[in-house]
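> Got a sequence here, can you model it:
(chains A and B)
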2 protein chains.
Amino acid sequence: MPYYTNIIKKLSADVPFVGPETQERNLGKKFKSRLGANESVFGPSESVIHAMKNCIANDIWKYGDPENFDLKVAISKKLKISIKNIIIGEGIDALLGYLVRLLVKTNTKVITSLGAYPTFNYHVNASGGQLILVPYSNDHENLDALLEAVKKNNAKLVYLANPDNPMGTAIEGTKIYDFIKNLPEDCLLCLDEAYSDFAPIKYIPDIDINNEKVIRFRTFSKAYGLAGARIGYAFGEANLIRNFDKIRNHFGVNRVAQCGALASLNDKKYLNSILKNVELAKSKIYKISEINDLTYIKSFTNFVAIDCGKNSEYAKKVMENLINLGVFIRMPSVAPLNRCIRLTVGNDLDLDYFASSLKLAL
Amino acid sequence: MPYYTNIIKKLSADVPFVGPETQERNLGKKFKSRLGANESVFGPSESVIHAMKNCIANDIWKYGDPENFDLKVAISKKLKISIKNIIIGEGIDALLGYLVRLLVKTNTKVITSLGAYPTFNYHVNASGGQLILVPYSNDHENLDALLEAVKKNNAKLVYLANPDNPMGTAIEGTKIYDFIKNLPEDCLLCLDEAYSDFAPIKYIPDIDINNEKVIRFRTFSKAYGLAGARIGYAFGEANLIRNFDKIRNHFGVNRVAQCGALASLNDKKYLNSILKNVELAKSKIYKISEINDLTYIKSFTNFVAIDCGKNSEYAKKVMENLINLGVFIRMPSVAPLNRCIRLTVGNDLDLDYFASSLKLAL
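This next block holds a predicted model:
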């Protein structure tokens, strides 16, 4: 048999997430509402769809530009940084994988929050790293405890999502700034800002792009409605960014995604309309929670964690009932977060169906 | 600064290929003919374009199915194997990267041909592996020498492209069958069949799907005209395939690519018409070579290696002249292959322009 590395031999083939299509195949029916993966049911704008269709018709036979040059230029203008500070990838998931490979080898200590993004943990395990998990505090990632864990374990990498997934909470930018300042010189903060488009400016830290202690991740999968296109980016100090060129799949980003992402950045009006839609939908979800005597956690994202008010078994049962009724949702994986279910915002039809289903599910 | 792994510290940030868009930016003008990356200028069929456009309009907001289930079912029918024997990825490049990570750690010995696919070598370097390079023999990859190198070095992985890139030659399936039979039990053949759609059946080895000594790679980027979509697959023994789930980017394949690849498999008539177009175009390239007193290497792919008849400096100069005239082409990287330039088949307009440009370039 093939001669696998020791890291591979020890790994299980568990997947970070079971996709909704797999669940549909298991259930033998399609979901009526798809509200479990924090996608944007509103999709991209007409101008973006038009641009992507043109790309399909004329250019799909060509590999995408491995430098992602045009998109990097557009992002550099938006963020007022150099293109040397930007790396584009086939979704944040891929970029997290590359980052981990730059820094993590067998037994490298890595800090993250207990219940935070499973795919980050998956990548750390795949490089043989050792995860140290820090509990949330009051449904927020706990900066003081994360910093303490970094120092105690001499960790080289620490993960933080802000706004957070799966709870939807956010930490003020000034606090994250201080967290970075207090990190040891050789520890990097992996700051996942997938949901930052939905948060007020005070939750976005103001960090010098030449700061070597942080790298930030953004995506077109959430607010921009392009999850199926698989495109995201990271930005940070130029040497760190350049190191991605040592290991990344240079031709990995597809041409349609490059085209769609570029068109998305040129349609600010649409983005603003989406942000309004998301806020309205969240208000609606808050109300649905209240009507059902459930509490919710105020969200800075495009989803809401709803506290089912009892233990994890109860929340799980509510989730399973909703899934059986045709509503795809997910829930946090560990206590105490798993007293909640997690619902992505939907359109009116989705939320009406969720409201009626929730009554039954409870 | 970040605490990079030892492997990363030693790696240069060289890219395997400079893309045509980068060259266009450097030249300050667009290429008139894009014949350097073995893409299919003929593109996908109308039915495929239609399906992909529909996906953009309706489903681009959804992540793709991480199991790639529907596509795996279609491929399993085509190849008469189980879906457990198939893994889909964001292009062969990504799948090669995953395979290398399964088997290669610091100092693992890996065999490939001197001048074969640079991206495979790139992945081996990124895992700290040690490449042992075996010269071509008469413009063919040399099976006897590859086998000898495997045994001498106790190598765990050996790469072979059949049909070959960059020379376009092919090795008969029965010879590859024997090669696999003679491999040590713990050495895996990475058989890159990206160009197999263009080759007669006798060049495709008949191998038991449960054979643990080989994994085969195919793509939608070449004959199917979907290079920009980024989708390919590998097939082999089920345990080996399952190991990809330990490290791959589960949500890495984009939804439009899944849709396009699936539609492609349903349009066999179009594939046959493309194969005819490619043969006609190759005949035309052969004639252009002859008219210019150049020899060509009979090709089993969608490109032709043209022997410029002198040394590598001369071939390089011909290539550069063609590039300056607006014809994007590439050439092999090492002697003695680099006496040639490599030209992808084009449509009539492309080849007429190439013919007139070649006269000037020589």
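
> Flag every residue of the stretch 101-250 of chain A that's near chain B.
Residues of the stretch 101-250 of chain A lying close to chain B by Cβ under 8 Å from any Cβ of the partner chain are A:101-105, A:108, A:119, A:126, A:156, A:185-188, A:212, A:221, A:225-230, A:239-240, A:242-243, A:245-247, A:249-250. C-beta coordinates here come from the backbone N, C-alpha and C atoms, glycine included.

> The same query, at a cut-off of 6 Å, please.
Residues of the stretch 101-250 of chain A found near chain B (Cβ under 6 Å from any Cβ of the partner chain) are A:102, A:105, A:126, A:156, A:186, A:188, A:212, A:225, A:227-230, A:240, A:242, A:245-247, A:249-250.

> Any of these buried? List them.
Neighbour counting with 16 or more other Cβ atoms under 10 Å in any protein chain shown marks A:102, A:105, A:126, A:156, A:186, A:188, A:212, A:225, A:227-230, A:240, A:245-247, A:249-250 as buried within these.

> mind showing which ranges of chain A have poor pLDDT?
Counting by pLDDT under 70, chain A shows no low-confidence range.

> mind running it again at 90?
A:1, A:12-17 (pLDDT under 90).

> residue boundaries of the strands in it?
A:33-34, A:86-89, A:109-113, A:130-134, A:157-161, A:188-192, A:214-219, A:232-236, A:295-296, A:303-307, A:327-328, A:340-344 (DSSP state E).

> wouldn't residue A:318 be in contact with residue A:308 here?
Yes: with contact defined as Cβ atoms under 6 Å, residue A:318 counts as touching residue A:308 (5.3 Å).

> give me every residue that touches residue A:303.
With contact set as Cβ atoms under 6 Å, 6 or more residues apart in numbering or on different chains, residue A:303 has these partners: A:38, A:168, A:342, A:344.

> partner residues bridging it?
residue A:344 (DSSP bridges).

> how near is it to chain B?
14 Å (Cβ to the nearest Cβ, to the nearest Å).

> quick one: the longest helix anywhere in chain A near chain B?
Ranked by residue count, the top helix of chain A under DSSP state H comes out as helix A:268-291. No: residues of helix A:268-291 contacting chain B under Cβ under 6 Å from any Cβ: none, with a closest distance of 10.8 Å.

> need the strands of chain A in TSV with distance to residue B:192, can you?
Listed next are the strands of chain A as TSV, based on distance: least, Cβ to Cβ, whole Å:
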stretch	distance to residue B:192
strand A:33-34	37
strand A:86-89	24
strand A:109-113	34
strand A:130-134	35
strand A:157-161	34
strand A:188-192	34
strand A:214-219	32
strand A:232-236	28
strand A:295-296	52
strand A:303-307	42
strand A:327-328	38
strand A:340-344	40
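
> Now do the contacts for the residue most central in space within chain A.
The centroid of chain A falls nearest to residue A:194 when counting by Cα atoms, centre = their mean (4.6 Å). Residue A:194 makes contact with A:92, A:219, A:222, according to Cβ under 6 Å, 6+ apart.

> can you list those residues in JSON lines and add neighbour count and distance to residue B:301?
Putting the contacts of residue A:194 into JSON lines (neighbours: other Cβ atoms under 10 Å in any protein chain shown; distance: Cβ to Cβ, whole Å) gives the following:
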{"residue": "A:92", "neighbour count": "27", "distance to residue B:301": "36"}
{"residue": "A:219", "neighbour count": "26", "distance to residue B:301": "37"}
{"residue": "A:222", "neighbour count": "27", "distance to residue B:301": "41"}
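
> residue ranges for the helices of the stretch 101-250 of chain A, please.
For the stretch 101-250 of chain A, the helices defined by DSSP state H, counting those that start in this stretch occupy A:118-126, A:143-153, A:173-182, A:238-243.

> what's the spacing between the second one and its chain's center?
Per Cα atoms, centre = their mean, to the nearest Å, the displacement of helix A:143-153 from the mean C-alpha position of its chain is 23 Å.

> Tell me if stretch A:60-72 is near chain B.
Yes: if you take Cβ under 6 Å from any Cβ as the test, stretch A:60-72 does meet chain B, through A:60-67.

> hey, C-alpha coordinates of that stretch in PDB?
Only the C-alpha atoms of stretch A:60-72 are listed here, as PDB (Å, rounded to 0.1, in the frame of the first residue of the first chain):
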ATOM      1  CA  ILE A  60     -14.100  29.900 -19.700                       C
ATOM      2  CA  TRP A  61     -11.600  28.000 -21.900                       C
ATOM      3  CA  LYS A  62      -8.800  30.200 -20.600                       C
ATOM      4  CA  TYR A  63      -7.100  29.600 -17.200                       C
ATOM      5  CA  GLY A  64      -7.600  32.500 -14.900                       C
ATOM      6  CA  ASP A  65      -4.700  34.900 -14.300                       C
ATOM      7  CA  PRO A  66      -2.600  33.200 -11.600                       C
ATOM      8  CA  GLU A  67      -1.600  36.700 -10.300                       C
ATOM      9  CA  ASN A  68      -5.300  37.700  -9.900                       C
ATOM     10  CA  PHE A  69      -3.900  41.100 -10.900                       C
ATOM     11  CA  ASP A  70      -7.000  43.100 -11.800                       C
ATOM     12  CA  LEU A  71      -8.800  42.000  -8.700                       C
ATOM     13  CA  LYS A  72      -5.800  42.700  -6.500                       C
END
